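>>> Structure for the following, please:
(2 chains)
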Amino acid sequence: DSGVTQTPKHLITATGQRVTLRCSPRSGDLSVYWYQQSLDQGLQFLIQYYNGEERAKGNILERFSAQQFPDLHSELNLSSLELGDSALYFCASSVEQGMGEQYFGPGTRLTVT
Amino acid sequence: ILNVEQSPQSLHVQEGDSTNFTCSFPSSNFYALHWYRWETAKSPEALFVMTLNGDEKKKGRISATLNTKEGYSYLYIKGSQPEDSATYLCASAGGTSYGKLTFGQGTILTVHP
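The predicted structure is shown next:
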């Protein structure tokens, strides 16, 4: 158990809908990262927050947005969902802004039908 | 090298064999090289983070080396055990942000009893 929690574990929704994925980092970690693992692709970096501020952005779609709240938990919002958004979404956390080990949560499996 | 590349894609070894994998990464604007171990149905688990050319890290039977000038890292497993079976991922942190990791596709290791 890495200490990072993600909810929900599984999510099934229809195309066009909007969902919110939630992540709570390890106690004391200030950085939160979001990754997408699609069937045919490796782990893709989406976005990083450090102490409430956006620090780095990957190839995150405009339909996706994220934020980190004062209590350091983070939410990833996915809107106008398409079939291709079906994937495993991981959240990870680290103490520092990015140089150290990242601790991954169990992931949220999103299925868009 | 523009992307992070890992070889081989998969590897089957017998219990007790020693093995190694390669990770190639862009050597310009390099910050750090991460290795993760990812077992089926679990989340990636950090093994090592290396930053300096010539770095060597060891954890039990697993060790890693780093060459930042030529852009490669090796991961070694001595005396493989069935519980070592997993996907081994490397990720490079570089470019404009420490936290933005670019992952390779992984090496799938299967250790047969």
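>>> Low-confidence bits of chain B, can you list those?
Applying pLDDT under 70 to chain B flags residues B:1-2, B:95-96.
>>> Residue B:51: neighbour count?
If you count neighbours by other Cβ atoms under 10 Å in any protein chain shown, residue B:51 ends up with 14. Heads up, the C-betas are built off the backbone N, CA and C, glycines and all.
>>> Please name the residues that touch it.
A:99, B:31-33, B:66 (Cβ atoms under 8 Å, 6 or more residues apart in numbering or on different chains).
>>> got TSV for the residues you listed, with distance to residue B:83 and neighbour count too?
Below are these laid out as TSV (distance: Cβ to Cβ, whole Å; neighbours: other Cβ atoms under 10 Å in any protein chain shown):
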residue	distance to residue B:83	neighbour count
A:99	29	15
B:31	31	19
B:32	27	23
B:33	24	27
B:66	25	25
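>>> Widest-spaced pair of these?
The distance between the two most remote of the contacts of residue B:51 (Cβ to Cβ) is 14.0 Å, for A:99 and B:66.
>>> before we move on, the earlier item: got the contacts of residue B:51 as TSV, with distance to residue B:3 and secondary structure columns?
Below are those laid out as TSV (distance: Cβ to Cβ, whole Å; DSSP: H, G, I helix; E, B strand; the rest coil):
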residue	distance to residue B:3	secondary structure
A:99	21	coil
B:31	16	strand
B:32	17	strand
B:33	14	strand
B:66	18	strand
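>>> Please tabulate the residues you listed in TSV and include distance to residue A:34 as additional columns.
Compiled in TSV, the contacts of residue B:51 are given as follows (distance: Cβ to Cβ, whole Å):
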residue	distance to residue A:34
A:99	18
B:31	19
B:32	19
B:33	21
B:66	27
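>>> Just give me the residue right at the centre of chain A.
Computing the C-alpha centroid of chain A and ranking residues by Cα atoms, centre = their mean puts residue A:34 first, at 3.2 Å.
>>> Would you agree that one is in contact with residue A:90?
Yes. Counting by Cβ atoms under 8 Å, residue A:34 touches residue A:90, with 7.3 Å between them.
>>> What residues does chain B have near chain A?
Taking Cβ under 8 Å from any Cβ of the partner chain, the part of chain B that reaches chain A is made up of B:31-32, B:34, B:36, B:42-46, B:49, B:51, B:89, B:91, B:93, B:96-106.
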